[in-house]
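Engineer: Output the structure for:
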Amino acid sequence: MQALKWISVVILSVGLGIGVVQYLVAPPLRMAAYLLLCVALLVVLLGIIGGSLHGWSRLLAIGVGLLGFLAGYLVSTYQFLNIEEARELPELNLPPVEQRDHTAVIYFTHGEPPAYSPMPWIETFKELDADGVSFIPKPFRPFFFLNFRKEYLRVGGSPHNFVHQDMAGSLEAAIRAKGDQSTRFYMAFLDSNPRPDEAVIRALNDGAREVKFATVFVTVSSHTKAGQDMVKELGLESTGVPICFAEPLWNSPRLQQMFVARALMGAPVSTGMVRQSYPPLLKRLRSALKM
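Structural biologist: Numbering: from 1, shown residues only. Okay, here's the model as predicted:
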């Protein structure tokens, strides 16, 4: 009977450590369930230690409980920070060559999930760790996600993707106004769905004879490379469909002026200023479509 109590202390304390991590990082709809689980485990654990153990046994059980909690917390944190996002790509179904009749333009940018998702920051942590950049120590990173989730709940979600969808719509309207009615437009995000690999498969399935990525990033970076790598990993060379990435916006004079104006004035960039930074992208896109 005494051995069962000690086993229960270990199991409950480890489970409590795991439950705390899951509560800190869980999506909003699950956090209440994990909080309830943590409270239940803590009550049972305290009941065993305080109600059936005495003297030195109680002190030892507290120490064992703390060690078990720490072990569960650290192991769960490690597993969480190393998870990989599970995604299912659409099946590639290329139409016959004679049915590939248009250019596909994929508007590719950073993106941000509209609802809370830890995956973009997990990938960011992996990049920072790989580059040796000092950031939040690993044991405390679940608390970062707690605050991150609070911000999502406070503002009700992120409109980031919708802003880019609006800009992509403006680009498409400008191309249509120039008389191009055949080019098809797609969205692709680095940190949200659809990703570049999914977007290019959908474009090929729709009968694109060529695919051009409009790269809406400020500079060439590990982020632009990550999008290119996603496409390369598909091994689409055998399809015979040319796929290329346009240069980012770093050398756009208007974009440079926007940042200089912000630095000199100390004022936030207005929506109008942001929209003015896109004509260079439109110019490059038009040039790419003529290639």
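
Engineer: Please make it C-alpha for all contacts and neighbour counts, starting now.
Structural biologist: Fine.

Engineer: For the chain, list the residue farthest from the centre, please.
Structural biologist: Centroid-distance maximum for the chain: G55 at 50.5 Å, with Cα atoms, centre = their mean.

Engineer: can you tell me how far that residue sits from V10?
Structural biologist: Distance from G55 to V10, counting by Cα to Cα, to the nearest Å: 18 Å.

Engineer: ranges for the strands of this protein?
Structural biologist: Listed in chain order, the strands of the chain (DSSP state E) span 102-109, 184-189, 208-215, 243-245.

Engineer: follow-up on the earlier one: would you enumerate the residues in contact with the residue farthest from the centre of the chain?
Structural biologist: Neighbour list for G55: empty [criterion: Cα atoms under 8 Å, 6 or more residues apart in numbering].

Engineer: Could you report the neighbour count for the closest residue in space to L249 that isn't next to it in sequence?
Structural biologist: Spatially, and ignoring its direct neighbours in sequence, L249 is nearest to V218 (4.8 Å; Cα to Cα, 6 or more residues apart in numbering). Neighbour count for V218, taken as other Cα atoms under 10 Å: 16.

Engineer: pLDDT wise, what is V218 at?
Structural biologist: Listed pLDDT for V218 reads 88.

Engineer: phi, psi of it?
Structural biologist: Torsion angles at V218 (phi, psi; degrees, to the nearest 10) stand at phi -70, psi -40.

Engineer: in the protein, which residue is closest to the centre?
Structural biologist: The chain has P120 as the residue nearest its centroid, 2.6 Å off, counting by Cα atoms, centre = their mean.

Engineer: gap between E127 and V133?
Structural biologist: Counting by Cα to Cα - E127 and V133 are separated by 9 Å.

Engineer: Out of these two, name the residue with the larger neighbour count.
Structural biologist: Taking neighbours as other Cα under 10 Å, E127 and V133 compare with E127 leading, 13 against 10.

Engineer: wait, A214 sits on F108?
Structural biologist: Yes - between A214 and F108 there is a contact under Cα atoms under 8 Å: 5.8 Å.

Engineer: list residues touching both of those two?
Structural biologist: Residues touching both A214 and F108 (Cα under 8 Å, 6+ apart): there are none.

Engineer: contacting residues for L12?
Structural biologist: Contacts of L12 (Cα under 8 Å, 6+ apart): L41, L42, V44, L45.

Engineer: actually R141, sorry about that
Structural biologist: For R141, the contact set (Cα under 8 Å, 6+ apart) comprises T77.

Engineer: Pull up the per-residue confidence for it.
Structural biologist: Looking at R141, its pLDDT is 97.

Engineer: got it, and V39?
Structural biologist: pLDDT recorded at V39 is 97.

Engineer: do Q181 as well
Structural biologist: 91.

Engineer: Please name the residues that touch it.
Structural biologist: Q181 neighbours (Cα under 8 Å, 6+ apart): I175.

Engineer: ok, now how distant is it from I243?
Structural biologist: Q181 sits 20 Å away from I243, going by Cα to Cα.

Engineer: what does G63 give?
Structural biologist: For G63, the distance to I243 - Cα to Cα - is 60 Å.

Engineer: out of the two, which sits in the more crowded spot?
Structural biologist: I243 (17 against 12).

Engineer: per-residue confidence for the more buried one?
Structural biologist: Per-residue confidence (pLDDT) for I243: 95.

Engineer: how near is it to Q257?
Structural biologist: For I243 relative to Q257 (Cα to Cα), the value is 31 Å.
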